[in-house]
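Trainee: Give me a 3D structure for the following:
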Amino acid sequence: VAVTLADIARIMRAKGDLDGALAQFEEVLRIYEKAYGTREHTSVAVTLAEIAQIMKDKGDLDGVLAQFEEVLRIEEKAYGTREHTSVAETLHEIALIMAVKGDVDGALAQFEEVLR
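Mentor: Coordinates of the predicted model:
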């Protein structure tokens, strides 16, 4: 069910229905949290990243940054390292948002972290 709801949310986002997509992803998040009994699961992290992209579409850069920081925390715990491709992708997203917000030093530090 969660996978199908996520696919519907992606289609809604593609059609420009950001509020509808966000509501669908929030339902996906509730399903995963109930199924796994925790937020500490990679499926939750993926869903949070999808929510962050919608927030970015809506212009909520502070919300995006907070979401990706939560994704990073979950991924680091799940993978036990920063040396995982998913972690690198999340660090990259954080760096991009920091740059857009004008924190070029912070963005540079995040990009350098991706390269390590």
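
Trainee: So which residues of the chain form helices?
Mentor: Per DSSP state H, the chain carries helices over the ranges 2-14, 18-36, 42-57, 61-79, 85-100, 104-115.

Trainee: same question for stretch 28-47, mean pLDDT?
Mentor: On average, the pLDDT along stretch 28-47 is 96.

Trainee: Run the chain-centre distance for that stretch.
Mentor: Put simply, stretch 28-47 sits 12 Å off its chain's centre (CA atoms, centre = their mean, to the nearest Å).

Trainee: Pick out the residue closest to the middle of the protein.
Mentor: For the chain, Ala49 is the residue whose C-alpha lies nearest the centre (CA atoms, centre = their mean; 1.6 Å).

Trainee: for the helix or strand of the chain with the lowest mean pLDDT, packing partners?
Mentor: The least trusted helix or strand in the chain, going by mean pLDDT, DSSP states H and E, turns out to be helix 104-115, with a mean of 92. Helices and strands touching helix 104-115, by 3 or more CB pairs under 8 Å, 6 or more residues apart in numbering; DSSP states H and E, are helix 85-100. Glycine gets a C-beta too; all of them are placed from N, C-alpha and C.

Trainee: residue contacts, Gly20?
Mentor: By CB atoms under 8 Å, 6 or more residues apart in numbering, the contact list for Gly20 reads Ala9, Met12.

Trainee: if I look at it, how far off is Met55?
Mentor: Between Gly20 and Met55 the computed distance is 14 Å (CB to CB, to the nearest Å).

Trainee: One more: Asp7?
Mentor: 20 Å.

Trainee: Look at those two and report which has more neighbours.
Mentor: Between Asp7 and Met55, counted using other CB atoms under 10 Å, Met55 has the larger neighbour count: 21 against 12.

Trainee: Cross-check the contact I'm expecting between the more buried one and Gly63.
Mentor: Yes. Using CB atoms under 8 Å, Met55 is in contact with Gly63, at 4.4 Å.
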